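Trainee: Could you look at this predicted model? Sequence included:
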Amino acid sequence: MNTANQVGIRGPPDFNSKPVLVFWETTRACLLSCKHCRASAIRTALPGELSKEEGFGLLDQISGFGSPSPVVILTGGDPLMRSDIFELTEYAKGLGIKFALSPAVSEKLTHEMLMKLRDSGATSISVSLDGSDKATHDSIRQVDGTFDRTIEVIRDSVNMGLGIQVNTTVMKRNLHELPEILHLIKGLGVRVWEVFFLIKVGRGTEVDDISQEEYESVCNFLYDASRYGVVVRTVEAPFIRRVAKTRLLNGNYWKEGLYDKFNSELTRLEGEPTQDSTIAPRGTLDGDGIVFVAYDGTVYPGGFIPVAIGNVRSGNLVNIYRENKLMKDIRSRNISGFCGKCDLNKICGGSRARAYAATGDPLASDDACVYEKLTKC
Ligand code: SF4
């Protein structure tokens, strides 16, 4: 899946009454079959997919959150597999709803299609790049030539003035390529890099995750990477905000070998940092500022947490978001384990999706975070 937190979060937000982002998995259909796909996408639409009229209804519900409306991220699968996708974007535009798309880099994403996307009023699109070269990226995406196509799409989008964000999923296979990926996309003119961390759902269950210490090294690297003119965001690693806060207060506290390696590679490729970090002090969490609507209308706190909290066919998204108990518990940080006690859980809260994947409880602690160990040192 290409999902994208495509809107910057600034200031002290109140996510109790409405999310900033609604992810809508418009379809599960996709021509690719990526190793870590959350949706386990298939080539044809699944029965039960929301119809065009039901899609209009969902957009009406979203506008019910009030102005300004949450931004809708049209994701999948590949949203371009829906023949009515531009009717849906037109309807969203008519309601004053901003939208972005996460298309797959398949044969459908031609130059003409990019122009159509730009002219549709999309604020941006996001594409996935999981390696700094063909060998890594194409083996993860499982389609030869996808790396070259992705680079072409990025170049084309930048040239035509279509906002483009690059998404990278961190896993053992590409961990050491992160500085090179940043260098590559920065050179191509990309200004937003969204880094996803693995959650064991969909095809992601078969992919090797990284250790707690590696998470900390990557987050420290991303803090540094955000000082070179590229906005860096993370998905399912909210503890980057703890890392950013600690770095601001205490300077460079993390001396682990992998981080040192990242650091010297980044300096070799990009020189000394040019500005302050762009890591936002407060951001979203599954259920807190974001909500996910699946292809069949089922609502989840986020795209990686398979705990159904309602369905837009029988309920209203505004009520589900505001009133569902799990959503309220997440937003009030009614969580257990170390995340529940953590002095920084208001700005972080831990990945609810990872907690669920590890324990079956979406309100448990996030076991990828090293903070408990650090506080005992
Ligand atoms: S312990 Fe939990 S809430 Fe605290 S920083 Fe780590 S993940 Fe975030």
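Mentor: Perfect, thanks for sending it. Residues are numbered from 1 along each chain as shown.

Trainee: And Arg227, how far from the ligand?
Mentor: 21 Å (C-beta to the nearest ligand atom, to the nearest Å). Where you see a C-beta, it was placed from the backbone N, CA and C, and this is true even at glycine.

Trainee: Near that residue, how many residues? Count them for me, please.
Mentor: Arg227 has 18 neighbours, counted by other C-beta atoms under 10 Å.

Trainee: residues in contact with it?
Mentor: The contact partners of Arg227, taken as C-beta atoms under 8 Å, 6 or more residues apart in numbering, are Pro273, Thr274, Gln275, Asp276, Ser277, Thr278.

Trainee: doesn't it fall inside a strand?
Mentor: No - per DSSP: H, G, I helix; E, B strand; the rest coil, Arg227 lies outside any strand segment and is coil.

Trainee: Out of the contacts of Arg227, which is nearest to the ligand?
Mentor: Nearest to the ligand among the contacts of Arg227 is Ser277, at 17.0 Å by C-beta to the nearest ligand atom.

Trainee: Near the ligand, which residues of this structure? Just list them.
Mentor: 239, 242, 338-339, 342, 344-345, 348-350, 366, 369, 371 (C-beta under 6 Å from any ligand atom).

Trainee: What are the boundaries of the helices in this protein?
Mentor: 52-63, 85-94, 111-119, 134-141, 146-160, 178-188, 212-225, 240-250, 257-270, 317-323, 325-331, 337-341, 352-359, 371-376 (DSSP state H).

Trainee: Among those helices, which one carries the weakest average confidence?
Mentor: Among the helices of the chain, helix 134-141 carries the lowest mean pLDDT, a mean of 86.

Trainee: Could I get the buried residue list for that helix?
Mentor: The neighbour-count check on helix 134-141 (16 or more other C-beta atoms under 10 Å) flags Thr136, His137, Asp138, Ser139, Ile140, Arg141 as buried.

Trainee: go on, stretch 340-357?
Mentor: 342, 344-345, 347-357.

Trainee: which residues touch it?
Mentor: 197, 199-201, 236-239, 241-242, 245, 281-282, 285-288, 301-302, 304-307, 330, 333-335, 339, 361-369, 371.

Trainee: Please check the residues you listed and keep the buried ones.
Mentor: By 16+ other C-beta under 10 Å, the contacts of stretch 340-357 give 197, 199-201, 236-239, 241-242, 282, 285-288, 301-302, 304-307, 330, 333, 335, 339, 362-369, 371 as buried.

Trainee: before we move on, back to that, mark which of the contacts of Arg227 are buried, thanks.
Mentor: Pro273, Ser277, Thr278.
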